[in-house]
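K.L.:
model the following, please.
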Amino acid sequence: MKILLLLIISTVALSGFGQEVTTLTGTVLNDTIGVSQLNIVNLTLKRGATTNANGVFEIPVRVHDTINISAVQYESRQIVVTPVIYGRGKISFYLEPKVNELDEVVLSNITLSGDLSKDLNAVPLQVFIDPRDLGIPANARPTMTAEERRFYGATGGAGPLGSLINAITGRTKMLKKQLKISKFRALVEGNRDNFNDSMYIKSLNIPDELILDFVYYVFEDERAEAIANEGNTLGLLDFMLTKSPVYLKLKAAESVLPKNDENNE
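P.N.:
Numbering: from 1, shown residues only. I've put the predicted structure just below:
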């Protein structure tokens, strides 16, 4: 009788453990050019997969597993499977393209003799002059992001013919999409830190693990960006207060809210 009971308990335990593993469907948001055959590895389960021609993959995961995405043309990225991601069974993300910048090469017309004492006198010394020392304002233009540099290089920096070729081949459209995604991500992540976590949790009733997802939801409305661009922090908070009840109802319908939050609705 005891042996039978142990077998039943073991079977139930194994069954419960098996239910912890689910199939996660992921999508790489970059343009379809160059998103196939990317390496996707669940470092925790030691299971791997590759993306198809549309950048889609499927891989078994559990909560708190770490997913690593790597490819020659993109920066590696790791994603931890949160309860929200696990509950949805889907995830989409954007990979940062690698930028290989070559070191500057300086050519000189100075002929060296091989005699160090003579060559030292023949080579002119260059003195660095800071424009501010001469009363000239320093370049205050903000540094362009990798996406902005690539987009400029395919349009204004490519000349009339290069711009036309890039437009015809679809490169300009692809880079414009990447630039738009990059700017939206920077906008959301920059405004997410306008308020501390306790404000999201206590004032807006947003669970800790859903804060970033909520801010993305808010900024999908163009009015949020307009308020943020005005520097109106209080106005942004008021706007979030109107958005949070609708967001929480959507999450409750998707069954991704913690039970205590569902009970508070």
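
K.L.:
list phi and psi for the residue nearest to residue 43 when sequence neighbours are not counted.
P.N.:
With sequence-adjacent residues excluded and distances taken as Cβ to Cβ, 6 or more residues apart in numbering, residue 43 is closest to residue 66, at 4.6 Å. In this view, the C-beta of every residue, glycine as well, is placed from N, C-alpha and C. Main-chain dihedrals, residue 66, degrees, to the nearest 10: phi -110, psi 120.

K.L.:
then residue 76?
P.N.:
With angles defined as degrees, to the nearest 10, residue 76 sits at phi -70, psi 150.

K.L.:
below-threshold pLDDT in the stretch 1-150 of the chain: ranges please.
P.N.:
When residues are selected by pLDDT under 70, those of the stretch 1-150 of the chain lie in 1-19, 32-33, 99-114, 116-142.

K.L.:
circling back: correct me, but the residue nearest to residue 43 touches residue 78?
P.N.:
Yes - shown here, residue 66 and residue 78 form a contact pair, counting by Cβ atoms under 8 Å, at 5.7 Å.

K.L.:
joint contacts of the two?
P.N.:
Taking Cβ atoms under 8 Å, 6 or more residues apart in numbering as the criterion, residue 66 and residue 78 both touch residue 43.

K.L.:
so the two - more neighbours on which side?
P.N.:
Between residue 66 and residue 78, residue 66 has the larger neighbour count (other Cβ atoms under 10 Å), namely 14 against 11.

K.L.:
would you mind measuring from that one to residue 198?
P.N.:
Distance of residue 66 to residue 198, computed by Cβ to Cβ, to the nearest Å: 27 Å.

K.L.:
and what of residue 79?
P.N.:
26 Å.

K.L.:
which one's more surrounded, the two?
P.N.:
In this view residue 79 and residue 198 are compared by other Cβ under 10 Å, and residue 79 has more residues nearby, 17 against 9.

K.L.:
give me the phi and psi for that one.
P.N.:
Per-residue torsions, residue 79: phi -130, psi 130 (degrees, to the nearest 10).

K.L.:
thinking it is in contact with residue 91, fair?
P.N.:
Yes - here residue 79 reaches residue 91: they are 7.0 Å apart, a contact under Cβ under 8 Å.

K.L.:
overlap in contacts, these two.
P.N.:
Residues touching both residue 79 and residue 91 (Cβ under 8 Å, 6+ apart): residue 85.

K.L.:
got the domain boundaries for the chain?
P.N.:
Here the domain parsing of the chain from automatic domain parsing is 19-93, 146-192, 194-259.

K.L.:
alright, that wraps it up for me.
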